[in-house]
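Undergrad: coords please:
(2 chains)
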There are 2 protein chains.
Amino acid sequence: MAEFMSLQQKRSDETRAAILSAAQQLFAKSGFDRTTVREIAQLAGIDAALVIRYFGSKEALFADSVSVEVVLPNLDEIPPEKKGEALTKHFLYQWESSPTKDVYQVLLRCAAANEHAAERARTIFATQILSGIAKIKHQQNPRQCAGLIASQFIGLALCRYIIQLPPIVAMTHEEIIRYIGPTIQSYMDAKTSDE
Amino acid sequence: MAEFMSLQQKRSDETRAAILSAAQQLFAKSGFDRTTVREIAQLAGIDAALVIRYFGSKEALFADSVSVEVVLPNLDEIPPEKKGEALTKHFLYQWESSPTKDVYQVLLRCAAANEHAAERARTIFATQILSGIAKIKHQQNPRQCAGLIASQFIGLALCRYIIQLPPIVAMTHEEIIRYIGPTIQSYMDAKTSDE
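TA: Numbering: from 1, shown residues only, chains lettered A, B, ... in the order given. Model (predicted):
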């Protein structure tokens, strides 16, 4: 019986993983609005009713399919004046080399076009980015500091990976670190106003 | 006869304007993909075939409905060290007070989700922003300089007006000019590499 249950559990996990993988591919290709539950089910090779049974709704499936853990580097070990550079290197790794790089693209692409995805982006900002920045430094207003950093990194991501502005696509990692690093540093060092 | 022609011309101009206005509203609300020619025609109170007769295709209509003239301020009259601040003030005016502010939002929202709109954004960057920046200063690489400035402004626009990150929405104009102004200035002053 235990063996049967574990086999059932294994099948269930596989189905779940197949749905998530199909959803990620389709959200990445077509965005949130144009992707249908039917298409996701078709790509996963299952019945559409199963998608709803496993995830509840397209909105909930989207949230799960872009559930990233934004791991910030341990900035305690980095000299204060090198933190902007370290965060910029981390950004480039996350967006270009990490296993979750595609998830970031999907999230940004969808967040710009759809309020549900934007809400997901705000939650990730509030629960992960903000707490990471708040830990790094004792700022009067870590929210504003984190927001400024996000505004530059999100703009860089949009210009380089989504809209693909030629001069931003052409920049080497070294150039991005040289120009964007000091911006991030300046936002970390800024004397922001009280909340 | 001349009177008749001018009446016909007037009607034609009115129809064209009604289609453009309907398209702008719907693209803003639903994005490029979810907006149909049929809906645009319905909102304009005309037949769908007329939309195609006037504009050719949904893609061409989109391009016309986001055809903005990005007028950069005359930076020649501004002291070199004040140019970043002046461009940031100009950004805030364009996105929050100018008659074309809605058009910017539509363009950014759609450019993130749709390749056709992204191409339109790249064209506006190449023909208007880049030439504006190139005129302002004699840089080794005005393309890179303009790209860096665009990356911060586009990120600010996305965080403030589209995704609406709370700390960025909460910032006053004065705060934005205080923090973002020096970033823009630093990109204008950067010793960028040769093309």
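Undergrad: host element of the residue in chain A that chain B sits nearest to?
TA: Here chain A gets closest to chain B at one residue, residue A:155, 2.0 Å apart by C-beta to the nearest C-beta. For glycine as for every other residue, the C-beta is placed from the backbone atoms N, C-alpha and C. If you go by DSSP states H and E, residue A:155 is part of helix A:142-157.
Undergrad: That helix to helix B:142-157, inter-axis angle?
TA: Computed with axes from the mean of the first three to the mean of the last three C-alpha atoms, to 10 degrees, the direction of helix A:142-157 lies at 130 degrees from that of helix B:142-157.
Undergrad: Just the CA atoms of helix A:142-157, as CSV, please.
TA: Provided in CSV are the C-alpha atoms of helix A:142-157 (Å, rounded to 0.1, in the frame of the first residue of the first chain):
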residue,chain,number,x,y,z
PRO,A,142,15.4,51.1,2.9
ARG,A,143,12.2,51.0,0.9
GLN,A,144,13.1,54.0,-1.2
CYS,A,145,16.7,52.7,-1.5
ALA,A,146,15.5,49.3,-2.7
GLY,A,147,13.0,51.0,-5.1
LEU,A,148,15.7,53.1,-6.7
ILE,A,149,18.0,50.1,-7.2
ALA,A,150,15.1,48.2,-8.7
SER,A,151,14.3,51.0,-11.1
GLN,A,152,17.7,50.9,-12.6
PHE,A,153,18.0,47.1,-12.7
ILE,A,154,14.5,46.6,-14.1
GLY,A,155,15.2,49.3,-16.8
LEU,A,156,18.4,47.6,-17.7
ALA,A,157,16.7,44.2,-17.9
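Undergrad: Which strands or helices does it pack on?
TA: When contacts are defined as 3 or more C-beta pairs under 8 Å, 6 or more residues apart in numbering or on different chains; DSSP states H and E, helix A:142-157 sits against helix A:83-96, helix A:101-113, helix A:130-136, helix A:173-189, helix B:142-157, helix B:166-169, helix B:173-189.
Undergrad: okay, now the domains of chain A?
TA: Annotated domains of chain A cover A:1-65, A:75-189 [the TED database].
Undergrad: related to what we said a few turns ago, residues contacting the closest residue to the residue of chain A closest to chain B other than its chain neighbours?
TA: In space, and not counting its chain neighbours, residue A:155 is closest to residue B:155: 2.0 Å by C-beta to C-beta, 6 or more residues apart in numbering or on different chains. With contact taken as C-beta atoms under 8 Å, 6 or more residues apart in numbering or on different chains, residue B:155 is in contact with A:150, A:151, A:152, A:153, A:154, A:155, A:156, A:158.
Undergrad: okay if I get those as CSV plus pLDDT?
TA: Shown next, in CSV, are the contacts of residue B:155 (pLDDT from 0 to 100):
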residue, pLDDT
A:150, 94
A:151, 96
A:152, 97
A:153, 96
A:154, 95
A:155, 96
A:156, 97
A:158, 95
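Undergrad: would you turn the residues you listed into CSV with distance to residue B:166?
TA: Below are those laid out as CSV (distance: C-beta to C-beta, whole Å):
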residue, distance to residue B:166
A:150, 11
A:151, 13
A:152, 17
A:153, 17
A:154, 14
A:155, 18
A:156, 21
A:158, 20
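Undergrad: which one of the residues you listed has the most neighbours?
TA: Tallying neighbours with other C-beta atoms under 10 Å in any protein chain shown puts residue A:151 at the head of these, with 31 neighbours.
Undergrad: Let me know whether it touches residue B:159 as I believe.
TA: Yes: if you go by C-beta atoms under 8 Å, residue A:151 and residue B:159 touch, sitting 4.6 Å apart.
Undergrad: Overlap of the contact sets of the two?
TA: Shared contacts of residue A:151 and residue B:159, defined by C-beta under 8 Å, 6+ apart, comprise B:165, B:168.
Undergrad: Mind listing residues that contact the lowest-mean-pLDDT helix or strand in chain A?
TA: Least confident helix or strand, chain A: helix A:130-136 with a mean of 75, by mean pLDDT, DSSP states H and E. Contact with helix A:130-136 is made by A:70, A:72, A:75, A:76, A:83, A:142, A:143, A:145, A:146, A:149, A:188, as judged by C-beta under 8 Å, 6+ apart.
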